[in-house]
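1. show me the folded form of this:
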Amino acid sequence: MIQAQSLTKHYGSKTAVDAVDFTVQSGKVTGFLGPNGAGKSTTMRMIVGLSRPTAGSVTVNGKHYHEHSAPLREVGVLLDAKAVHTGRSAYNHLLAMGATHGIPARRVREVIELTGLETVARKRVGGFSLGMGQRLGIAAALLGDPATLILDEPINGLDPEGVQWVRRLVRHFAAEGRTVLLSSHLMSEMALTADHLIVLGRGRVIADAPVADIIGAATRSTVRVRSPHAGHLSTLLTRPDVTVTGLEPDVLEIVGIAASEIGDRAASAGIVLHELTPLSASLEEAYMTLTQNEVEYRTAGSPDSNAPELQEAAR
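-> The predicted structure follows:
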């Protein structure tokens with residue numbers, strides 16, 4: 001379990017993390033989300049002792065990271081896959097890490113096999129692709145068979161097989177009762193992987209709940225209806241709290257009323273329905289709704305909308 005209490009970090013006049021409180025529970029995959037500059041990386045660095053809090057505290061399994069006598073066996077962490085000695089082979093890099101904790105070469109070979117690095121294990125890390133570097137970073141995080149796993153953008157650079165492998169890995173890890181904190185900007189993947197989400201915005205916690213609850217709270221239910229009497233149905237359903245949008249002559253998109261009620265009212269009025277489909281909101285939609293006022297680094301618009309300004313600046 002990871003527990004933060006009033007965790008705060010200032011860099012001069014800049015507040016990167018603003019008195020956050022959260023608990024990452026064991027037995028679940030907890031997604032850690034937020035726009036660029038929200039404080040995610042700073043928070044993860046404070047969890048593993050790479051940055052000292054200005055105020056507050058954060059513990060892993062009841063202790064501050066530096067209080068653990070064998071941190072590799074308590075916490076496996078991937079924050080920067082490039083933070084390796086590029087002249088070493090993958091095998092020697094992991095062997096050197098293991099030596100600091102008395103981890104045998106047998107375990108090094110196990111994590112190399114687990115992460116699919118067998119064919120490149122004796123090659124210098126400096127020649128690794130981005131995906132191979134990520135696999136090595138994950139291997140290092142798994143080396144001590146830790147109770148807690150913290151991964152920052154672990155699928156960056158991985159191919160589809162690698163993405164699925166990471167998904168299965170972290171879910172298996174959580175199923176064993178361990179703690180998983182997973183950061184990613186890929187909402188579609190987070191929706192498939194995470195059980196619970198903690199969302200930061202401008203250094204503060206703006207959501208801390210199960211995935212389904214966050215999607216449900218941030219978005220309104222939408223129902224797609226197809227009927228030869230769409231106009232009549234639209235008139236029947238329209239009210240101040242219901243929005244009816246005509247997509248095609250016989251297709252409506254309705255927000256603010258459940259599919260079951262639409263079906264009941266249509267039946268009572270003798271209106272034939274050819275389709276009645278509740279549309280599930282996506283995590284991406286919920287995330288954009290949650291963070292729309294929390295984005296620190298915002299693009300001005302599409303490339304086309306800025307074309308005149310860009311052309312002028314180029315002159």
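
2. need the contact list for Val75.
-> Counting by CB atoms under 8 Å, 6 or more residues apart in numbering, Val75 makes contact with Ile47, Val48, Val60, Tyr65, His68, Pro146, Ala147, Thr148, Leu149, Ile150. Quick note: C-beta positions are derived from backbone N, CA and C, even for glycine.

3. scratch that, Arg171 is what I was asking about
-> The contact partners of Arg171, taken as CB under 8 Å, 6+ apart, are Val29, Thr193.

4. next one, pLDDT for it please.
-> Turning to Arg171, the model gives it a pLDDT of 96.

5. among the contacts of Val75, which ones are in helices?
-> Secondary-structure check on the contacts of Val75 using DSSP state H: residues within helices are Ile47.

6. could I get the contacts of Val75 as TSV with pLDDT?
-> TSV is the format used below for these (pLDDT from 0 to 100):
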residue	pLDDT
Ile47	97
Val48	96
Val60	97
Tyr65	95
His68	95
Pro146	96
Ala147	95
Thr148	97
Leu149	97
Ile150	97
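
7. could the C-alpha coordinates of the host helix or strand of Arg265 be exported in CSV?
-> Using DSSP states H and E, Arg265 falls within helix 259-268. Included here for helix 259-268 are C-alpha records, laid out as CSV according to Å, rounded to 0.1, in the frame of the first residue of the first chain:
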residue,chain,number,x,y,z
ALA,A,259,-32.8,3.4,-22.6
SER,A,260,-35.4,1.5,-20.6
GLU,A,261,-37.6,4.7,-20.2
ILE,A,262,-37.2,5.5,-23.9
GLY,A,263,-38.4,2.0,-24.8
ASP,A,264,-41.4,2.2,-22.4
ARG,A,265,-42.5,5.6,-23.6
ALA,A,266,-42.2,4.5,-27.3
ALA,A,267,-44.2,1.4,-26.6
SER,A,268,-46.9,3.4,-24.8
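
8. which residues outside it are in contact with it?
-> With contacts defined as CB under 8 Å, 6+ apart, helix 259-268 is touched by Val223, Val225, Ser227, Leu233, Leu236, Leu237, Ile254, Val272, Leu273, Leu276, Thr277, Pro278.

9. adding neighbour count, distance to Val295 and secondary structure, write those out as JSON lines.
-> Below are those laid out as JSON lines (neighbours: other CB atoms under 10 Å; distance: CB to CB, whole Å; DSSP: H, G, I helix; E, B strand; the rest coil):
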{"residue": "Val223", "neighbour count": "23", "distance to Val295": "30", "secondary structure": "strand"}
{"residue": "Val225", "neighbour count": "25", "distance to Val295": "34", "secondary structure": "strand"}
{"residue": "Ser227", "neighbour count": "20", "distance to Val295": "40", "secondary structure": "coil"}
{"residue": "Leu233", "neighbour count": "23", "distance to Val295": "38", "secondary structure": "helix"}
{"residue": "Leu236", "neighbour count": "16", "distance to Val295": "40", "secondary structure": "helix"}
{"residue": "Leu237", "neighbour count": "21", "distance to Val295": "35", "secondary structure": "helix"}
{"residue": "Ile254", "neighbour count": "24", "distance to Val295": "30", "secondary structure": "strand"}
{"residue": "Val272", "neighbour count": "11", "distance to Val295": "45", "secondary structure": "coil"}
{"residue": "Leu273", "neighbour count": "16", "distance to Val295": "40", "secondary structure": "coil"}
{"residue": "Leu276", "neighbour count": "16", "distance to Val295": "36", "secondary structure": "strand"}
{"residue": "Thr277", "neighbour count": "12", "distance to Val295": "32", "secondary structure": "strand"}
{"residue": "Pro278", "neighbour count": "12", "distance to Val295": "30", "secondary structure": "strand"}
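
10. right, I'll leave it there.
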